[in-house]
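**Student:** my questions are about this predicted structure, shown below with the sequence.
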Amino acid sequence: MRALVIDDEDNLRRTTTALLEGMGHEVVGVSSGAAALEQLDKFQFDVAFLDLRLKGENGLEVLPALLKNTPSLEVVVFTAFATFESAVEAMRRGAADYVPKPFTPDQIRQVLAKISKMRKLQGRVNELEARVSSVVPDADLATSEPAMRRVFDMAFRVAATPATLLLLGESGTGKSVLARAIHDNSPQKQNRFVTVACPSLSRELLESELFGHVKGSFTGAVGETWGKVAAAEGGTLFLDEIGELPIEIQPKLLRLLQEKEYERVGEAKVRCANLRIIAATNRHLEQAVKEGRFREDLFYRINVIALHMPPLRERMADLPRIAEGYLRFCAAQCGKKMGNFSPEAEQALQRYSWPGNLRELHNVVERAVILSNGPQIEVSDLPERFNRSPDNSQASSIQLGGNVSLEELENEHLRQVLRKATSLEGAAQTLGIDTTTLYRKRKKLGL
C-alpha cells in the first residue's frame, strides 16, 4: 500500500517511515495537516498514520479534512497521550484504528493486515454489486456434450494452479464466463477479477488502463491512476481479445508475465505484481505471429494451457437447456409468464447454424419474449431468418449448371456442410480442406 505518515516529531516520523518501508509499503512522511492535504491533492494514498498532537494543530480536527479530501483513505490515529475518550472520538470521526505510542512492529502489522482484509472485502462487495447491477443470466456450466465436458474438467483442474490460461474460440462462445468461473474456483477467489478489453481503447489509453500512469505523463493525464494490474493484485487479470493487443504494448505484457514487474506510464519506479492472467481471443494467434502482428515469445508465454470453447453449432445437445434458461431469465425481466418453446420453434432453433453463438441465442430469445403474445415462444416470434424452411432458402435458387458463379456455389456448399456437420473438424474432412482454411472461409462468410 501507499502510506502517509503525519507526525511533527522528526525522529518518530523517520522511524515509522522506515518501519513501513521495511514491510514493503511505499511511504511519504510530512509534519503537518496542511502538508498532508497537499500530498493527497497530488497522489493517491491507501492509509495515513496521523498523530493526534501536531505542532499548532489538533489531529482530531485534521482527521475529517483528510477524509473529506480522500473518502477511501484509511486513517490510523496514534498518540503518546492515549485515552479511552480520545480513542472513541477518533473512531467517531472516521478513524480506521487507534494505536498508542510507543508501538511495536507487530501492532502496525496487525493494523495493516486488518485494513488490507477490509479493503479486499470491500473490493469484492463492489465487484458483486457491479455484477448484480449488470443484470445478466447466471452462467450455465452444465453440458451434455463430451467435448464441452472435457473443456470444463480441464478448466477446473487448472483453476487450482497459478498457470496462465489462453481461452480460444469464436466470439460469443462464453470465454469470459469461463474465465470468471475459473477465478471463482481458484485460490485467488477472495480477490478481484478484473477485465481489460484489449480492442476498446487506443494504444496510449490501453497502456494507461493496464499499467496506470502518473500525473502529466501524457496529454489529459490530470491525475494519477494505478491501472488494472494494480487493481487485480492478488486476483485475476482477464485480457479479453488479446489478439487485438497493440504490438507496442506486447513487450510490457511479456515482462509482466515473466518477471511479474511493470512500470506505470511516465514513472521509472519498477513495481511488482502478484496476479494470475487469463487471456482470450477469437483469432488464430499462430497466423498473427507469422504475419508479425503478435510476438512469438508472448504467444508461447500465454499459451501454457489453451482451452478451446466449441461454437454453439458443435454443442447442439446443450442448446434446448441453454435456450430455456435464457427464456426464464428474459421472461422474468419482462414480467411475463411463459412456459417454453413450441415444437416448431425448437426445431427452428436446432436447424440454425448460430454464427453469433451464445450471444446471438440470448438476443434471439430476448427478442422473442418481448414480441410474444402467448404462453410460449412460436416460430412467428423468432426473427425472419428462422421462418425460412430449407426448401425456400437461398439453396433452392442455386443449382448446378445454373447462372451462378463458382464462388456462389462454393459458399452455398460451405453453408450446407457446416449446417449438417457436428464439428468443425468433421466439416473440414468432408470438404477436403484443413480446419485453418475452413475457419478463414467461414469467417469471410460471417458464419
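**Tutor:** Right, received. Where do you want to start?
**Student:** my guess is residue 257 contacts residue 302. True?
**Tutor:** Yes - using Cβ atoms under 8 Å, residue 257 is in contact with residue 302, at 6.9 Å. The C-beta positions use only the backbone N, C-alpha and C, and glycine is treated the same way.
**Student:** higher neighbour count, these two?
**Tutor:** residue 302 (22 against 17; other Cβ atoms under 10 Å).
**Student:** how far off centre is the helix or strand where residue 365 lies?
**Tutor:** Per DSSP states H and E, residue 365 falls inside helix 357-371. In terms of Cα atoms, centre = their mean, to the nearest Å, the centre of helix 357-371 is found 24 Å from the chain centre.
**Student:** can you give me how far stretch 4-14 is from the chain middle?
**Tutor:** 40 Å.
**Student:** do me a favour and get the end-to-end distance for that stretch?
**Tutor:** End-to-end distance for stretch 4-14, by Cα to Cα, to the nearest Å: 12 Å.
**Student:** how about residues contacting that stretch?
**Tutor:** 16-17, 20, 27-33, 35-36, 39-40, 45, 47-51, 54-55, 59, 62, 101 (Cβ atoms under 8 Å, 6 or more residues apart in numbering).
**Student:** can you flag the buried ones in those residues?
**Tutor:** Neighbour-count burial (16 or more other Cβ atoms under 10 Å) applied to these gives 16-17, 20, 27-33, 36, 39-40, 45, 47-51, 54, 59, 62.
**Student:** mean confidence for stretch 248-261?
**Tutor:** The average pLDDT within stretch 248-261 is 95.
**Student:** can you give me the buried ones in it?
**Tutor:** For stretch 248-261, by 16+ other Cβ under 10 Å, it's 249, 250, 252, 253, 254, 256, 257.
**Student:** any idea how far residue 162 is from the third one?
**Tutor:** Distance, residue 252 to residue 162, using Cβ to Cβ, to the nearest Å: 20 Å.
**Student:** check the fifth one too.
**Tutor:** Here residue 254 is placed at a distance of 17 Å from residue 162 (Cβ to Cβ).
**Student:** can you get me a residue count around residue 307?
**Tutor:** Counted with other Cβ under 10 Å, residue 307 comes out at 21.
**Student:** also residue 124?
**Tutor:** Residue 124 has 16 nearby residues by other Cβ under 10 Å.
**Student:** distance of residue 213 from residue 67?
**Tutor:** When residue 213 is compared with residue 67 (using Cβ to Cβ), they lie 26 Å apart.
**Student:** how about residue 262?
**Tutor:** 30 Å.
**Student:** could you do residue 378 as well?
**Tutor:** Taken as Cβ to Cβ, the span from residue 378 to residue 67 is 59 Å.
**Student:** okay but residue 438 is in contact with residue 431, surely?
**Tutor:** Yes - applying Cβ under 8 Å as the test, residue 438 and residue 431 come out as touching, 6.5 Å apart.
**Student:** and stretch 81-100, which residues are buried?
**Tutor:** For stretch 81-100, using 16+ other Cβ under 10 Å, the buried residues are 82, 86, 87, 89, 90, 93, 94, 95, 96, 97, 98, 99.
**Student:** restricted to strands, list these.
**Tutor:** Mapping the buried residues of stretch 81-100 onto strands (DSSP state E) picks out 97, 98, 99.
**Student:** can you add distance to residue 232 and pLDDT and give those residues back as CSV?
**Tutor:** Output for those, formatted as CSV (distance: Cβ to Cβ, whole Å; pLDDT from 0 to 100):
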residue, distance to residue 232, pLDDT
97, 26, 90
98, 32, 87
99, 30, 88
